[in-house]
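**Q** Here is the input, now give the coordinates:
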Amino acid sequence: MNPLLAHGTPPDAADISRIIEMAWEDRTPFESIAVQFGLNESAVIALMRRQLKRSSFKMWRERMAGRTTKHAALRSAEVTRHRARHTRQA
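**A** Model (predicted):
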């Protein structure tokens with residue numbers, strides 16, 4: 001089953017790539033993925049399970065387990081917004 005994005009269409013390769021990138025980033029909370037793509041944490045986990053090799057998925061889950069920066073409500077006020085190096089910073 002393929003989840004639909006916030007705008008009601010299935011994710012294309014570029015969307016999937018960006019979701020995976022955001023999921024791997026330590027400072028990008030799941031809530032940001034939900035706002036941008038309409039996928040909640042469980043949908044992101046399901047997408048990662050389908051798209052990654054088993055060993056990569058296992059490594060990601062172990063990395064995310066207990067990581068407070070992945071949940072906006074648990075983040076310290078000291079954790080600021082992350083901006084990927086490849087995005088435009090004007």
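**Q** tally of neighbours for residue 28?
**A** Residue 28: 19 surrounding residues under other Cβ atoms under 10 Å. In this view, the C-beta of every residue, glycine as well, is placed from N, C-alpha and C.
**Q** And residue 29, by the same measure?
**A** Residue 29: 24 neighbours (other Cβ under 10 Å).
**Q** Please apply the same query to residue 11.
**A** Neighbour number of residue 11 under other Cβ under 10 Å is 19.
**Q** again, but for residue 37
**A** Residue 37, neighbours per other Cβ under 10 Å, totals 22.
**Q** Could I get the contacting residues of it?
**A** Neighbouring residues of residue 37 by Cβ atoms under 8 Å, 6 or more residues apart in numbering: 5, 6, 11, 15, 18, 19.
**Q** ok, now which ones touch the last one?
**A** Neighbouring residues of residue 19 by Cβ under 8 Å, 6+ apart: 11, 33, 37, 39, 44, 47.
**Q** Check which element follows the helix-or-strand element of the chain with minimal mean pLDDT along the chain.
**A** Using mean pLDDT, DSSP states H and E, helix 30-37 stands out as the lowest-scoring helix or strand of the chain, at a mean of 92. Using DSSP states H and E, the next helix or strand after helix 30-37 towards the C-terminus is helix 41-51.
**Q** could you check the angle helix 30-37 makes with that following helix?
**A** Going by axes from the mean of the first three to the mean of the last three Cα atoms, to 10 degrees, helix 41-51 is angled at 80 degrees with respect to helix 30-37.
**Q** what residues does helix 41-51 touch?
**A** The contact list for helix 41-51 (Cβ under 8 Å, 6+ apart) reads 3, 11, 16, 19-20, 23, 30, 33-34, 39, 57, 60-61.
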